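> following is a predicted model, sequence given first.
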Amino acid sequence: MLPRSMQELEQIRKSCKKLVTRRAMLSGTAAMVPIPGTDMLADVGMLMRLIPDINRRFGLSEAQLAELDTQRKAVVYGMITSVGSQLIGHAVTRRLVFALVKKAAARFAVKGTTKFVPVIGTAVAGALSFGAMKYVGNSHVDDCYRVAKRILEERLDAERPQLVSS
């Protein structure tokens, strides 16, 4: 369900940012394990759950948007397109998540090589993974927030009594 007020929208944004931080900490911890590929698998798995959860909290999941009438759905998808997100209102697939991870490829590539440097390398890999996950997650939260805010503002404008000039 889409947020009904700006206050509710701000609460959702805040809770999603906290969720992203928790997941980023898990990602950073997974990156410190010196087994090649475990961090990438952990990140993909986390994002496969995180992105749909954020969408759902903002009322922008695929199922929630499917319940809208055709006209409203077209407007909402237009807003989603204007934000440039491929993750809002769509099924989140491994292909999409891997594309998302590739956007942060430089961070992930450095992380993979640094983890083999004793002590400092694993800490650097963990910090890079934390930063990359936080960046990806918060970017998605910000995209969802912008779309939900535009939808809410449009709805509130439509509900305001129109002043009739005589």
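Right, received. Where do you want to start?
> for residue 17, see how far away residue 90 is.
22 Å (CB to CB, to the nearest Å). Backbone N, C-alpha and C define where each C-beta goes, glycine included.
> residue 70 too?
Residue 70 is 33 Å from residue 17, by CB to CB.
> more neighbours: those two, which one.
Just comparing residue 70 and residue 17: by other CB atoms under 10 Å the higher neighbour count belongs to residue 17, 16 against 7.
> ok, now which ones touch that one?
138, 141 (CB atoms under 8 Å, 6 or more residues apart in numbering).
> enumerate every residue touching the closest residue to residue 6 other than its chain neighbours.
Nearest in space to residue 6, with sequence neighbours left out and distances taken as CB to CB, 6 or more residues apart in numbering, is residue 152 at 6.7 Å. By CB under 8 Å, 6+ apart, the residues touching residue 152 are 2-6, 9.
> redo that, cut-off 10 Å
Residue 152 is in contact with 2-6, 8-9, 59, counting by CB atoms under 10 Å, 6 or more residues apart in numbering.
> likewise residue 148?
2-3, 8-9, 12-13, 57-60, 76, 79, 88.
> and for residue 139, the neighbour number?
Residue 139, neighbours per other CB under 10 Å, totals 16.
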